[in-house]
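Student: got a predicted model here, sequence first, then my questions.
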Amino acid sequence: MKKLLANIKDSYDELIHKVSWPTKSELSNSTVVVMTASLIIALVIFAMDQCFEHILRFVYQLIY
């Protein structure tokens, strides 16, 4: 039990005194970067999906 309490205390001390938390503006900037990158990736995947759909429709029309 003492080891568990010591571990919890060490974890708390590390989070409070050793971790450098981002400022509000850094966090906002990072959020915008992640949202922009996610949107770009989603658009690329959508475009690839549409291309594959058209290619497969063309191939299936040739077969059937």
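Tutor: Sure, I can see it. Numbers count the residues shown, from 1 in each chain.

Student: CA only for contacts and neighbour counts going forward, please
Tutor: OK.

Student: what is the mean pLDDT for the helix or strand containing residue 53?
Tutor: Element membership of residue 53 [criterion: DSSP states H and E] is helix 24-63. On average, the pLDDT along helix 24-63 is 97.

Student: so what does that helix touch, helix or strand wise?
Tutor: The helices and strands touching helix 24-63, judged by 3 or more C-alpha pairs under 8 Å, 6 or more residues apart in numbering; DSSP states H and E, number zero.

Student: which ones are touching residue 32?
Tutor: Shown in contact with residue 32 (C-alpha atoms under 8 Å, 6 or more residues apart in numbering): no residues.

Student: could you measure from it over to residue 22?
Tutor: Per C-alpha to C-alpha, to the nearest Å, residue 32 is found 14 Å from residue 22.

Student: before we move on, the earlier item: what's the offset of the helix holding residue 53 from the middle of its chain?
Tutor: Mean-position distance between helix 24-63 and its chain equals 14 Å (C-alpha atoms, centre = their mean, to the nearest Å).

Student: just give the number of residues close to residue 47.
Tutor: With neighbours defined by other C-alpha atoms under 10 Å, the count for residue 47 comes to 12.

Student: repeat for residue 45
Tutor: If you count neighbours by other C-alpha under 10 Å, residue 45 ends up with 12.
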